[in-house]
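Engineer: output the structure for:
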Amino acid sequence: MDQELNVEGVETPQLAAMTAASPAQGAWLAPPAPTIQAHVREFGEDHETTVDDFIRSVARLQHLYPSHYPEEQLIRTAIGHLSGEAYDHIVSLPGYEKLSLEELGDILRRQFELGDDYDEAAEAFHSMKKSGSETLQEFRVRITKKAKLVMRLRPTEEGENEAYRKKKLNRLIKTQFLRGLPDSVRKMLIGREQDDFESLIKIIEKYLKFEEKEKIQTNAVLLNMGQQMEKAHQQPAQGNFGPPRAHAGEQPAGQQQMKTRGGDRRGPRCFNCGRMGHVRANCRARRKCSYCGSETHPVWQCDQIICSKCMKTGHTPAKCEAQQQNPDQAAVVTSPKSKNEC
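Structural biologist: As a prediction, the model looks like this:
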């Protein structure tokens, strides 16, 4: 059990009674090493003690009580007054019990005091941003550590107390946390800056989950479109005429389009034979009149064709005699019925 000693190191009545007892009676016991809160400060994430102040407070014990604090007991006392990540980091080192007090101080400075300049620490704190793979809780812990370092290096103002420093620390954490979020999240939080910090974190978590869900759906749609385009590019090149060729095990595209009304047929249609895949000039079938369908004469020699100039049958407008005789006078258009009656 720890013994209570005053600051000057004077023994209390309980310790004096223990030392006055006779060793022969078996009542004398060496008092345990005192760990006095007034002398030893704690170092960790919940305390604003610097490494130098912590090491100095531990070394003061050996100066005050040299018989109770050899080097081994001194390092154990120092490790016992660490908390949070500082304790976890020291204990994880191999042979941490054999460290000296100076080596312990160097390790703590390299790990937890990244800079001694307030301006550099403040600039690094205000430039912190949330990374893509970092969760909100991890970003909040990182912001909190940097904010405590800034508050520890910050010059002390006149008349400030512990409550003021705690309030300022919380305001720094909340402000930089919101500033380090992505632009889409900050736009969503416009008008909610005065809400509770915990409620803001819940809102941000819901929004990020919704944003991640939309991103997954968008990527799935883009992947499907990319697969379809890749499949279309892998198909063999087709000619300019005729229906597309069918692959092995597939029905010809012409028959597939015949089943659907108004299907999009590829290639031109011949006006001579009526088939797809070629034009009239390349048709191998016998020429026939496109007006009456007879194979005995071409269309310009058809007797049933009607001239659009004189409305008479037997010739085309290009060979109309009335148009050649009176090119300036418009021909009188009469119907075939009135012509027969005449």
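
Engineer: can you give me the helices for the protein?
Structural biologist: 13-20, 51-64, 71-80, 85-91, 101-112, 118-126, 136-153, 162-179, 183-188, 197-234, 253-259, 321-325, 336-341 (DSSP state H).

Engineer: dump those to CSV, plus mean pLDDT, distance to residue 275 and mean neighbour count.
Structural biologist: Any C-beta I mention is one placed from the backbone N, CA and C, and that applies to glycine too. Listed next are the helices of the chain as CSV, based on pLDDT from 0 to 100; distance: least, CB to CB, whole Å; neighbours: other CB atoms under 10 Å:
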stretch, mean pLDDT, distance to residue 275, mean neighbour count
helix 13-20, 43, 119, 11
helix 51-64, 80, 93, 17
helix 71-80, 81, 95, 16
helix 85-91, 82, 83, 16
helix 101-112, 79, 85, 16
helix 118-126, 84, 78, 15
helix 136-153, 85, 69, 17
helix 162-179, 86, 72, 15
helix 183-188, 82, 59, 12
helix 197-234, 83, 28, 11
helix 253-259, 49, 11, 14
helix 321-325, 70, 36, 13
helix 336-341, 46, 33, 9
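
Engineer: for residue 297, which of the ones you listed is the nearest?
Structural biologist: helix 321-325 (19.7 Å; CB to CB).

Engineer: thinking again about what came up before, how about a markdown table for the helices of the chain, with distance to residue 310 added?
Structural biologist: Output for these, formatted as a markdown table (distance: least, CB to CB, whole Å):
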| stretch | distance to residue 310 |
| --- | --- |
| helix 13-20 | 141 |
| helix 51-64 | 114 |
| helix 71-80 | 119 |
| helix 85-91 | 106 |
| helix 101-112 | 108 |
| helix 118-126 | 94 |
| helix 136-153 | 89 |
| helix 162-179 | 89 |
| helix 183-188 | 76 |
| helix 197-234 | 55 |
| helix 253-259 | 43 |
| helix 321-325 | 5 |
| helix 336-341 | 10 |
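
Engineer: among those, which is nearest residue 315?
Structural biologist: Nearest to residue 315 among the helices of the chain is helix 321-325 (7.8 Å), distances taken as CB to CB.

Engineer: wait, what's in contact with residue 282?
Structural biologist: By CB atoms under 8 Å, 6 or more residues apart in numbering, residue 282 lies in contact with residue 270.

Engineer: for residue 291, phi and psi?
Structural biologist: Dihedral pair for residue 291: phi -90, psi -50, per degrees, to the nearest 10.

Engineer: quick check: residue 91 touching residue 79?
Structural biologist: Yes: using CB atoms under 8 Å, residue 91 makes contact with residue 79 at a distance of 7.3 Å.
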